[in-house]
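Visitor: Any chance you can model this:
(one chain, ligands or ions: 1)
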Amino acid sequence: MTQERVAYVNGEIVPESQATVSISDRGFILGDAVFDTTRTFGHEIFRLEEHIDRLYESLRWMRIDPQMSKETMSDLTMEVLERNLPTVDEHDDTWVTQRVTRGLRVAGGDIQSSADRPTVIIECFPIPFKERAHYYRDGMPVITPSVRRTPPDAASPRAKTHNYINLIQADMEARSQDPNAYAILLDMNGNLCEGNGSNIFVVKDGAIRTPKSQFVLGGISRLTTLDLAHELGIEATEEDIDVFDAYTADEIFVTSTSLCICPVSTFNGASVGDGGMPGPVTDRLQKAYSGLVGIDTVAQYTRWLE
Ligand code: PLP
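Guide: All right, here's what the predicted structure looks like:
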């Protein structure tokens, strides 16, 4: 797979090596930008409409006008994906991302000034199936760092912005304790919140619980999992979950676009449930997820362990 990927930047689809933004771009200098990422399953795009809707909600919250309709954004996304699919191995899939920044800063303007045109980028990026494969055999260690998730009163975690410093700090702290660990941050009240790119669920007595939507990004995989639980007759609620609930859970799993549903092995070093990976509820949901998307989402990772 030597062919170079292409990306869309402000009206043009160019080879990635020529896809550049200005050093004056506010997305670069201030993190003044939003993005959204979906992926393919079996080379078919997943829930593009929901991801584009979420992108436009992030844009509205940020008061950035993309100067492009949702339809055009979707069409361009499909064009970029189709041009990149020949670079994706038949057993692999790809992330597909749109980014919109407020555009360039203006000479002579103050920090809030920007040129009239936003910067729009659409790109694909490989999902690290091989590197993450062990999580589907051994489970994922999760650590709650001292850093708390940005609260809605400071910057809404419901918008997917380019400002990931809070989540990066959390991951650095977790990974300094265990290089394989994922951070799951607590909210300002000490309840479980979310991680750098993932939502969390705890399972107790056959029911699943996930933090309230006010405090987290409304993960499309989180919503998909809640819908699947409903279809399977698994009780599912959104509520405050504290660390006691996590230590005493039967199972814990995280969800994300790329991970789908990934079992958690340890919580702050303590084994989760009886240590079986995955636990029975996680297993049922993983299978239902695979059924929905039309490929075995676990085998796509674990084939790298063979
Ligand atoms: N939480 C945060 C902060 C994220 O960045 C992501 C990833 O997009 C998620 C949760 C999971 O969302 P999704 O399931 O849409 O990938």
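Visitor: The ligand contacts on the stretch 151-300 of the chain?
Guide: By C-beta under 6 Å from any ligand atom, the residues of the stretch 151-300 of the chain that approach the ligand are 160, 167, 194, 197-199, 216-217, 219-222, 255-257. Where you see a C-beta, it was placed from the backbone N, CA and C, and this is true even at glycine.
Visitor: Quick check: the farthest pair among those?
Guide: With C-beta to C-beta as the measure, no two of these lie farther apart than 167 and 220, at 17.6 Å.
Visitor: and the least confident of the residues of the stretch 151-300 of the chain next to the ligand?
Guide: pLDDT across those is lowest for residue 197, at 95.
Visitor: related to what we said a few turns ago, among the residues of the stretch 151-300 of the chain next to the ligand, which ones are buried?
Guide: If you count burial by 16 or more other C-beta atoms under 10 Å, the buried members of those come out as 160, 167, 194, 197-199, 216-217, 219-222, 255-257.
Visitor: Okay, residue 259 and residue 300: tell me how far apart.
Guide: Distance of residue 259 to residue 300, given as C-beta to C-beta, to the nearest Å: 11 Å.
Visitor: Would you state the helices of the stretch 1-150 of the chain in chain order?
Guide: With DSSP state H, counting those that start in this stretch as the criterion, the stretch 1-150 of the chain has helices at 26-30, 48-62, 70-84, 129-132, 135-138.
Visitor: Among the residues of the stretch 151-300 of the chain next to the ligand, name the ones in helices.
Guide: When these are checked against helices (DSSP state H), the matches are 167, 220, 221, 222.
Visitor: want to throw the residues you listed into TSV with distance to residue 131?
Guide: Putting these into TSV (distance: C-beta to C-beta, whole Å) gives the following:
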residue	distance to residue 131
167	19
220	22
221	19
222	23
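Visitor: Doesn't residue 169 lie inside a strand?
Guide: No - the assignment for residue 169 is helix, going by DSSP: H, G, I helix; E, B strand; the rest coil, so no strand is present there.
Visitor: circling back: kindly indicate which of the residues of the stretch 151-300 of the chain next to the ligand lies nearest residue 132.
Guide: Proximity of these to residue 132 was ranked by C-beta to C-beta; the top entry is residue 256 with 10.6 Å.
Visitor: ok, now which ones touch that closest one?
Guide: For residue 256, the set of contacting residues under the criterion of C-beta atoms under 8 Å, 6 or more residues apart in numbering consists of 197, 198, 199, 219, 221, 262.
Visitor: before we move on, what about residue 13?
Guide: Listed by C-beta under 8 Å, 6+ apart, the contact set of residue 13 reads 6, 7, 79, 80, 83.
Visitor: re earlier: pull the most distant pair out of the contacts of residue 256.
Guide: Largest separation among those by C-beta to C-beta: 219 and 262, giving 12.6 Å.
Visitor: can you list residues touching both of these two?
Guide: With contacts taken as C-beta under 8 Å, 6+ apart, residue 219 and residue 262 have 198, 255, 256 as neighbours in common.
Visitor: Please report how far the second one lies from residue 218.
Guide: When C-beta to C-beta is the yardstick, residue 255 and residue 218 sit 12 Å from each other.
Visitor: One more: the first one?
Guide: To residue 218, residue 198 is 13 Å away according to C-beta to C-beta.
Visitor: what pairs with the closest residue to the ligand within the stretch 1-150 of the chain across the strands?
Guide: In the stretch 1-150 of the chain, the residue found nearest to the ligand is residue 37; the distance is 5.7 Å by C-beta to the nearest ligand atom. Beta-bridge partners of residue 37, counted by DSSP bridges, are residue 97.
Visitor: Would you mind confirming that it is in contact with residue 50?
Guide: No - proximity of residue 37 to residue 50 does not meet the contact threshold set by C-beta atoms under 8 Å, at 12.0 Å.
Visitor: Poorly predicted segments of the stretch 51-200 of the chain, please.
Guide: Within the stretch 51-200 of the chain, the segments meeting pLDDT under 70 span 111-113.
Visitor: Nothing else from me, thank you.
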